[in-house]
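dropping the sequence and predicted coords here.
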Amino acid sequence: MLSGMLEKIDTVEVASLAERRINELIVAVPEWFLTERDGKLHESLKRDEVTVLVSQGRLILSSWTAQGTRTWRLTSWEWTGQKLLLHSSRRMGAERPLLELIPRASAAAVVATVRGARQKRCEQLAQLACDQLSRSKIERTALSPGVRRGQPGRYARIILRLLHERIAVTASVAETGRGEADAFLSAALLWFTRTSERSRFPYIQQLWLILEKGSIIPVLNRIVLLRDGLKSAISVFEIDQAWTQLNPLEIPERRELWKKRLARFPPVSEPETSRSALAIAAQAPDAIDVAHARNGETLRYHGLPFARVRRLLGFERVWFGAEGSLRRMLDESSEHEFGNLLDSLREHRAADAVDHHHALHRMASESWLESLLRRDITKLDPGLIIAPLHAQFRTARGGRLGARPIDLLALRQDGRLVVIELKVFEDREHVLQGADYWRRVEAHRRRGHLSRAKLFGERRIRDEPPLVYLVAPTLRFHPSFRKLAQMIAGDIEIYRFDINEDWRSGVRVMRRLRVN
């Protein structure tokens, strides 16, 4: 393996050469360690779990991760002699992570370094927690299991021993980003209940959650939604930036959630679809839908964005390109390439596609399921009205960072709101995500914001909290789904919808069950 300088991938010829050379490097090593510089991804992969190929003139890296298949468009690369540096682009350029592929032998040193740093933080945290109580001692400190065997876990798991009880303490000892409250709290609750059930006298009856400043409000908002018996066992502490002091925090009552100020929604009006969007959608009306935004329209083929329409200086302009590829403006010189993209989508993004491993078939699976339900939501529940139906609904004005959109917000014929969260792969956070979306929608419903914005036209919204529908293929619910669902307060109505595994051919509900 020869090392070299950073090489930009800016032509088809360069992309083809880079494809061959990168694949030669990958095949030469049985196992690799894939990581993102921002710390969001750490995966141990075999060489046949990494694919690099040229698609539509762009070099695409595909890999199977704990979050399912992920793809990146590679913009430049370098082999340093010890690792592959891959500059990449995702989500039409919105994300530009730097990927590192490290041979497994070198990766072991990286893993050991990360584990050592996290274990040191874990021990520091244990001493701080122990100092909060007189006559207590540290019985155990450990890291949670990693996503894959051999990887260091992200959470500290500490047991404090007192004379007549034990206390479970947990915190994140890895860098955390926005929107990780569901993952942390799910892991903490499952560990606490499992450890409590196995413990002998003195029993574990308390759970301490230690949080950094940015995580406090999201976690507290979710704790409020738990059943009373579990909520009363939880204590929350804030740790300072230097990790030298813990400050106890008060868990608010549910009624405190409804007192917070919220921005109102602007009145909803029926958007006008541009001529360009109508013309493109007409080429595959059963597969293409148009999503409207403030700055234009996005066209999606079974949920996968592949074209954008913008109005500039009074003229409509169209850009196209599937996720992971560079967007091009549609004009006479690129019509043939646009036609090839549509042909590829027809061939590969179809229920009866021959190659189910093709990137166009695997990408944006949840969006594909969402697109099917948007066309006829009564396939899920005959009691739901077909339209209006709000997809990727944001309860935070302007779509502030960290506030994820709700997959679908619907209304039943009887006027009851329904929050719908979709998954096509196992996801431990499914339950807490659904409960948090319930909280956000209920806060706006109580203030009358949804009715005044006429989200559902002239239909009346009943003065009752929304229902929560958690939807996934039968075999794709996480093993801990039932246990987590039973931790949610009983007045939050949560239903599990099992759909058929071959849902791409048409959605059928196999089972509906109240889970809490």
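Arrived safely, thanks for sending.

so where's this structure shaky on pLDDT?
Within the chain, the ranges that satisfy pLDDT under 70 run 1-5, 37-41, 65-68, 91-94, 105-110, 176-178, 266, 324-326, 397-403.

my read: residue 16 touches residue 53, true?
No. The criterion here is CB atoms under 8 Å, and residue 16 misses it with residue 53 at 9.9 Å. C-beta here means a position set from N, CA and C on the backbone, and glycine is covered the same way.

relative to residue 442, how far out is residue 465?
5 Å (CB to CB, to the nearest Å).

identify the residues contacting stretch 497-508?
By CB atoms under 8 Å, 6 or more residues apart in numbering, the surrounding residues in contact with stretch 497-508 are 350-352, 368-369, 372-373, 379-380, 424, 469-477, 509-513.

pull the longest helix from the protein.
Taking DSSP state H as the criterion, the chain has its longest helix at helix 104-130.

what's that one packed up against?
Judged by 3 or more CB pairs under 8 Å, 6 or more residues apart in numbering; DSSP states H and E, the packing partners of helix 104-130 are strand 31-36, strand 42-46, strand 137-145, strand 152-161, strand 166-172, strand 204-211, strand 234-239.

pick the most buried one from these.
With neighbours taken as mean count of other CB atoms under 10 Å, these reach their highest mean count in strand 166-172, at a mean of 24.

direction included, what does it pair against?
Take DSSP bridges as the rule and strand 166-172 pairs in its sheet with strand 152-161 (antiparallel), strand 204-211 (parallel).

can you give me how far that strand is from the chain middle?
Here strand 166-172 is found 25 Å from its chain centre; the criterion is CA atoms, centre = their mean, to the nearest Å.

quick one, that strand and strand 137-145 angle?
Relative orientation of strand 166-172 and strand 137-145, computed by axes from the mean of the first three to the mean of the last three CA atoms, to 10 degrees: 40 degrees.

just the CA atoms of strand 166-172, as PDB, please.
Output of strand 166-172 as PDB, limited to C-alpha atoms (Å, rounded to 0.1, in the frame of the first residue of the first chain):
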ATOM      1  CA  ARG A 166     -27.800   0.600  46.600                       C
ATOM      2  CA  ILE A 167     -28.000   3.500  44.100                       C
ATOM      3  CA  ALA A 168     -27.600   3.200  40.300                       C
ATOM      4  CA  VAL A 169     -25.800   6.100  38.700                       C
ATOM      5  CA  THR A 170     -25.300   6.800  35.000                       C
ATOM      6  CA  ALA A 171     -24.100   9.500  32.700                       C
ATOM      7  CA  SER A 172     -22.700   9.900  29.200                       C
END
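
between it and strand 234-239, how big is the angle?
On the basis of the same axes, to 10 degrees, strand 166-172 is oriented at 50 degrees to strand 234-239.

where do the strands sit along the stretch 301-450 of the chain?
Ranges of strands within the stretch 301-450 of the chain are 304-312, 315-320, 328-329, 390-393, 406-411, 417-422, based on DSSP state E, counting those that start in this stretch.

what residues sit buried inside the fourth one?
By neighbour count on 16 or more other CB atoms under 10 Å, the buried set for strand 390-393 is 390-391, 393.

can I get those in TSV including distance to residue 246?
As requested, the buried residues of strand 390-393 are exported to TSV (distance: CB to CB, whole Å):
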residue	distance to residue 246
390	42
391	42
393	38
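
which one of the residues you listed sits closest to residue 226?
Distance to residue 226, by CB to CB, is smallest for residue 393 among the buried residues of strand 390-393, at 24.4 Å.

please name the bridge partners of that closest one.
Under the criterion used (DSSP bridges), residue 393 bridges to residue 406.

quick check: closest non-adjacent residue to residue 256.
Spatial nearest neighbour of residue 256, chain neighbours left out: residue 224 (7.7 Å); criterion: CB to CB, 6 or more residues apart in numbering.

show me the contacts for the one you found.
Counted by CB under 8 Å, 6+ apart, residue 224 has contacts 231, 251-254, 256-257, 439.

residue 237 too?
Under the criterion of CB under 8 Å, 6+ apart, the neighbours of residue 237 are 129, 132, 208-211, 246-249.

so who does the spatially closest residue to it that is not a sequence neighbour touch?
Leaving aside its chain neighbours, residue 237 sits nearest to residue 246 (4.4 Å; criterion: CB to CB, 6+ apart). Shown in contact with residue 246 (CB under 8 Å, 6+ apart): 128-129, 132, 210, 237-239.
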